[in-house]
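Asker: sharing a model that was predicted from the sequence below.
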Amino acid sequence: MSPSVALASPIVHGVAAILNPQPAAAPQRAIFSDFAIANRVAVITGGHRGLGLEMALALAEAGAVVYCLDLPSAPDSEWLAVKKHIDSLPPLETPQTQEEPAKSRLEYLSADVTDQTGTWDIVQQIVDKEGRVDICVAAAGIVIDGDCLEYPADNFQKVMNVNVNGVLFAAQAVGRQMARLGIAGSIILIASMSGSVTNKGHRYVSYGASKSAVLQMGRSMACELGPMKIRVNTISPGYMVTKMSGAYLDKFPHLAQSWSDQNPLGRLGRPDELRGVVTWLASDASSFCTGSDIIVDGGHTAW
């Protein structure tokens, strides 16, 4: 690379860092610190259960203080079990530039993501307490199927209100604070493979439309917030076994094999298979990734 080429950010790790070491710098396995998010603050909507709780666990294990926002007035026993696990973890060792090891936390707040000002206010309260917010995962979403020619307006509005408006309001709530505080944060919107392809044999006109909107929302916000060093990406999961999808499969057991046959890996996904991608997007390991959609679908959309 020519010396005249200016880099957007300093070289921290990698080959260039090895070839141009800092004075008195001890060799280290830098790849692990690239993924660390110690002492950062994350907000996850839909974090009470399912994919949202799985991603909250991953970020907390990576060192973050994670606030789970969801509709129930209080968390259930499963969420509390995850919190107990996080509370039992030893402090996470942090770089020498930080004064003390990070102690992860999992917090719960009742919130309705379809309430724009209410969502903004809750995130403001989090920032007032923690002094910062670095990560947003907008995961709250619903599905209501139905015949596209007879689909009720009320149902369509419900799906769009949660899956589109709610995602925007969460991203706004966190992004406003990042911009105000000058934090180069990461906003992650949970879309779906249903935003890119149609679910064969299912009547998901509202769900697919809402997830397509999330994909475009992510690209638009990424371009607008890039100059502020705020990154925005989307994750598109495929068919995964959660409590909600499991209840559906209990009613229609033949779908488990049908869904599995529709991807090259020949199986359904597990919620924990989102842990790596959400941690990567939340961390500095993905510092040059914005405006992207990461598809985690077992190859469903590849053929």
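Answerer: That came through, no problem.
Asker: any idea where the helices of the stretch 151-300 of the chain begin and end?
Answerer: 153-160, 166-181, 205-225, 243-251, 254-261, 275-282 (DSSP state H, counting those that start in this stretch).
Asker: dump those to TSV, plus mean pLDDT and distance to Glu130.
Answerer: Any C-beta I mention is one placed from the backbone N, CA and C, and that applies to glycine too. Formatted as TSV, the helices of the stretch 151-300 of the chain follow (pLDDT from 0 to 100; distance: least, CB to CB, whole Å):
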stretch	mean pLDDT	distance to Glu130
helix 153-160	98	31
helix 166-181	98	10
helix 205-225	98	21
helix 243-251	85	30
helix 254-261	95	40
helix 275-282	98	16
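Asker: can I get those helices in TSV with distance to Asp76?
Answerer: Output for the helices of the stretch 151-300 of the chain, formatted as TSV (distance: least, CB to CB, whole Å):
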stretch	distance to Asp76
helix 153-160	23
helix 166-181	21
helix 205-225	25
helix 243-251	11
helix 254-261	25
helix 275-282	21
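Asker: mind putting those into TSV with mean neighbour count?
Answerer: Output for those, formatted as TSV (neighbours: other CB atoms under 10 Å):
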stretch	mean neighbour count
helix 153-160	15
helix 166-181	22
helix 205-225	19
helix 243-251	13
helix 254-261	14
helix 275-282	21
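Asker: and those helices: which comes nearest Gly46?
Answerer: Gly46 lies closest, by CB to CB, to one member of the helices of the stretch 151-300 of the chain: helix 166-181, at 8.6 Å.
Asker: count the residues that sit near the closest residue to Ser196 other than its chain neighbours.
Answerer: The spatially closest residue to Ser196, leaving aside those adjacent along the chain, is Thr301, at 5.8 Å (CB to CB, 6 or more residues apart in numbering). By other CB atoms under 10 Å, the residues close to Thr301 number 15.
Asker: contact partners for Thr301?
Answerer: 193, 196-197, 238, 295 (CB atoms under 8 Å, 6 or more residues apart in numbering).
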